[in-house]
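Undergrad: Build me a model from this:
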Amino acid sequence: MVEETQVKLIIFSALLSALHDIMGKDGKNSILRFAGLSEYIDKEISPSVDDSIPFDVVKRLIDAMQSLLGHGTNAILYESGRKFAVYLSPFGYSLEEVIHKLEKWFGGKWQLVKAGAENSTVVKIENNPICRGCHSDKPYCHIVSGTLARIREEATGEKSFAKEIRCIAMGHDACQFVIKPYNMKGKRG
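TA: Reported below is the predicted structural model:
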């Protein structure tokens, strides 16, 4: 399992890739400079599951995004999670197997709680490092939501979304996510 102070490079790589895709090279570099992470400008970060990076680096990047982009950060983090999930999709793992991998890569304690109503799935994360030391009045773990939505899409072939309904940053004892398919009219269920 990943040490609490480390996350796998695959996470950081996916986040930087999504930033580049959405904001372009200059936008990504501006955020890296603002975060005090200039050493990552124009540096190729391989999506490694063997190598780790201090969680503080990821946290500084997310904090810089929040400061510079405000609410736009949530969409970028969600998309980063979807990109991250692409690394898992070709292997055809079950949701339970993927949750086990995510626990190793992110840290914390992940569990598939139950299948919910309306074809939904609930995932719970205790000691989620994504929101370690954070305080928010709204859910904070958008990168995890995006990851879970994409994994469900790959497993079922249905367009899906995930929403965090409980968050440690909001004072809850664990983060909890509901993953649902979009309904027939293209709206979230």
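Undergrad: list the contacts for the residue nearest the centre of the chain?
TA: Among the residues of the chain, Ile143 comes closest to the average C-alpha position under CA atoms, centre = their mean, at 2.2 Å. Applying CB atoms under 8 Å, 6 or more residues apart in numbering, we find Ile143 in contact with 11, 15, 77-78, 80-81, 84, 130. Heads up, the C-betas are built off the backbone N, CA and C, glycines and all.
Undergrad: In this structure, where is pLDDT below threshold?
TA: 1-4, 87-92, 115-118, 183-189 (pLDDT under 70).
Undergrad: where exactly do the strands run in it?
TA: For the chain, applying DSSP state E gives strands covering 6-8, 52-54, 109-115, 121-126, 160-166, 175-181.
Undergrad: Which of the ones you listed sits closest to Gly70?
TA: Closest approach to Gly70 among the strands of the chain (CB to CB): strand 160-166, 18.1 Å.
Undergrad: What strands flank that closest one, and is each parallel or antiparallel?
TA: Paired neighbours of strand 160-166 in the sheet (DSSP bridges): strand 175-181 (antiparallel).
Undergrad: In PDB, list the C-alpha atoms belonging to the strand it pairs with.
TA: What follows is strand 175-181, C-alpha atoms only, in PDB (Å, rounded to 0.1, in the frame of the first residue of the first chain):
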ATOM      1  CA  CYS A 175     -15.900  10.300   1.700                       C
ATOM      2  CA  GLN A 176     -18.800   8.600   0.000                       C
ATOM      3  CA  PHE A 177     -19.600   8.600  -3.800                       C
ATOM      4  CA  VAL A 178     -22.700   7.500  -5.700                       C
ATOM      5  CA  ILE A 179     -22.100   6.400  -9.300                       C
ATOM      6  CA  LYS A 180     -25.100   6.400 -11.600                       C
ATOM      7  CA  PRO A 181     -25.900   6.100 -15.300                       C
END
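Undergrad: Centre of the chain to that strand, how far?
TA: The gap between where strand 175-181 is centred and where its chain is centred comes out at 13 Å by CA atoms, centre = their mean, to the nearest Å.
Undergrad: What are the contacting residues of it?
TA: With CB under 8 Å, 6+ apart, strand 175-181 has contacts from 113, 116, 118-125, 128, 130-131, 139, 141, 144-145, 148-149, 152, 156, 158-168, 188-189.
Undergrad: between that strand and strand 121-126, what angle do the directions make?
TA: 160 degrees (axes from the mean of the first three to the mean of the last three CA atoms, to 10 degrees).
Undergrad: buried set for the longest helix seen in the chain?
TA: If you go by DSSP state H, the chain has its longest helix at helix 9-34. Using 16 or more other CB atoms under 10 Å as the test for burial, helix 9-34 gives 9-19, 23, 28-32, 34.
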